[in-house]
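Visitor: sharing a sequence plus its predicted fold:
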Amino acid sequence: MRKPFKVQQAAVYRCSLLAALIAAVVVFSAMGLRAQNQSEKPPTAKNAIHVHVNEVVLPVTVTDQKGELVLDLRSKDFHVLDAGVEQKIRTMSLDPEPLSLVLVIETSSHIQSLMPLIHKNAIVFAEQVVAMESEAAVIKYDSTVKVLQPFTSDHESIEKAISQTDAVEDGFKLYDALAKSEALLATEQANRRRVILVIGESQDSGSAAKLSDVVRTAQHENISLYSIGLSSSAAEFKSGDVAPLKLGKDAPPISTTPPPADARGDQFFDIATPALWLVGRATNEISNRRFSTTISATGGIHYTALTTASMSHALDKIGAELRSQYILTYALDGERSPGFNEIKVTVSRPHLTVRTRAGYFLTQPDLLHITP
């Protein structure tokens, strides 16, 4: 017996209502899942580059006895020791990764005579160091720290920022400039190599940041430091622009008369004048060595430049290295302690030099993300 029309209509209505409710549940469930997924975003670029993915990334430079890059090694040629324990290399690559580099230039009045040297090499930096998918920012430092150019891949903008630097202010807050550079790099995407290149005298005065904190952050964020050291002392002495040395009233008299010839008729070499001048000038060689040691700990290298050619050569070497490094990765497994973890990388082939960062820092929050 057929149901009355109104009963059929009511049944259809109930079925339609039930279908609508089911559809609504599905939609809201999907929205909730999407919201949950959005709330569980991947770690920020600042944290994603190292231990949050249970992986250590090592940029490794290998050179021969002539200092030339060695580019024909295979994964089996490398040996990675973490805290003295050999690790299984997960991946090895020679493909250049996208690079984010901060150029840090000293602009104190101490290096005023060397500014033309920097300006002439602006195009070399833009073309040789910042290549293909790379990008750079430019920071200057003296008694203050200033970002001249935020990250860009435009070579003309980078070259212009470098060329417009001047050296009129006193002071050299190098460590504050490095801390600012690390803060800029922390905003970059996790898949980019991170590098800081310093051009200056490698000395600091008046910074709020400490060198130890700069090194810790560099190790924690996988940042490599490079430097091209300038020497205003050497430049002034070479040019003859040496201020008279003022001696105390009790100092013995100094004659400007050339010393007499020795028994063979040769003039004595005047070693006293440059020695006394360097002492009076308070040379920065000790602080330079300290900073170059810091550079090495991050896997970078320190060059010295006194001429346009030597700076161009240093920039060429750094640019070639950054485009030709082995990138090794290995998994973090087993027990780890917070603090510094030492890394050592060797190769099976003899007579080669291997350079990488000395290790990495783990904080307590990092350890929570490491799974066996």
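Guide: Ah, there it is.

Visitor: now the helices: where do they sit in the stretch 151-300 of the chain?
Guide: Using DSSP state H, counting those that start in this stretch, the helices of the stretch 151-300 of the chain run over 155-163, 174-185, 211-220, 232-239, 272-281, 285-297.

Visitor: least reliable of these by average pLDDT, please.
Guide: Among those, helix 272-281 carries the lowest mean pLDDT, a mean of 42.

Visitor: tell me how far the residue nearest to Phe291 when sequence neighbours are not counted lies from Tyr141.
Guide: Excluding the flanking residues, the one nearest Phe291 by C-beta to C-beta, 6 or more residues apart in numbering is Ser202, at 4.1 Å. C-beta coordinates here come from the backbone N, C-alpha and C atoms, glycine included. Between Ser202 and Tyr141 the distance is 12 Å, computed by C-beta to C-beta, to the nearest Å.

Visitor: what about Arg298, distance to Leu178?
Guide: Not Arg; residue 298 is Thr. In this view, Thr298 and Leu178 are 11 Å apart by C-beta to C-beta.

Visitor: with neighbour numbers in mind, choose between these two.
Guide: Each of Thr298 and Leu178 has its neighbours counted (other C-beta atoms under 10 Å); Leu178 has more, 30 against 22.

Visitor: how about that one, nearest residue that isn't a chain neighbour?
Guide: Spatial nearest neighbour of Leu178, excluding adjacent residues (C-beta to C-beta, 6+ apart): Val214 at 4.7 Å.

Visitor: could you do Ile123 as well?
Guide: Glu159 is the one closest to Ile123 (C-beta to C-beta, 6+ apart), at 5.5 Å.

Visitor: how many other residues sit next to the one you found?
Guide: 21.

Visitor: isn't it right up against Val124?
Guide: No: using C-beta atoms under 8 Å, Glu159 makes no contact with Val124, being 9.5 Å away.

Visitor: the worst-scoring helix or strand of the chain on mean pLDDT: what's the following helix or strand?
Guide: Least confident helix or strand of the chain, by mean pLDDT, DSSP states H and E, is helix 45-48 with a mean of 38. Sequence-wise, the next helix or strand downstream of helix 45-48 (DSSP states H and E) is strand 55-63.

Visitor: strands of the stretch 251-372 of the chain, start to end?
Guide: Using DSSP state E, counting those that start in this stretch, the strands of the stretch 251-372 of the chain run over 302-304, 326-331, 339-347, 353-355, 359-362.

Visitor: mean confidence for the last one?
Guide: Model confidence over strand 359-362 averages 83 on the pLDDT scale.

Visitor: list the contacts of it.
Guide: Outside of strand 359-362, the residues within contact range by C-beta atoms under 8 Å, 6 or more residues apart in numbering are 50-51, 56, 216, 219-220, 222, 336-343.

Visitor: which residues of the stretch 251-372 of the chain score low on pLDDT?
Guide: The stretch 251-372 of the chain contains residues with pLDDT under 70 at 251-288, 334-335, 364-372.

Visitor: residue ranges for the strands of the stretch 101-250 of the chain, please.
Guide: Applying DSSP E, counting those that start in this stretch to the stretch 101-250 of the chain gives strands spanning 135-141, 145-152, 193-200, 223-229.
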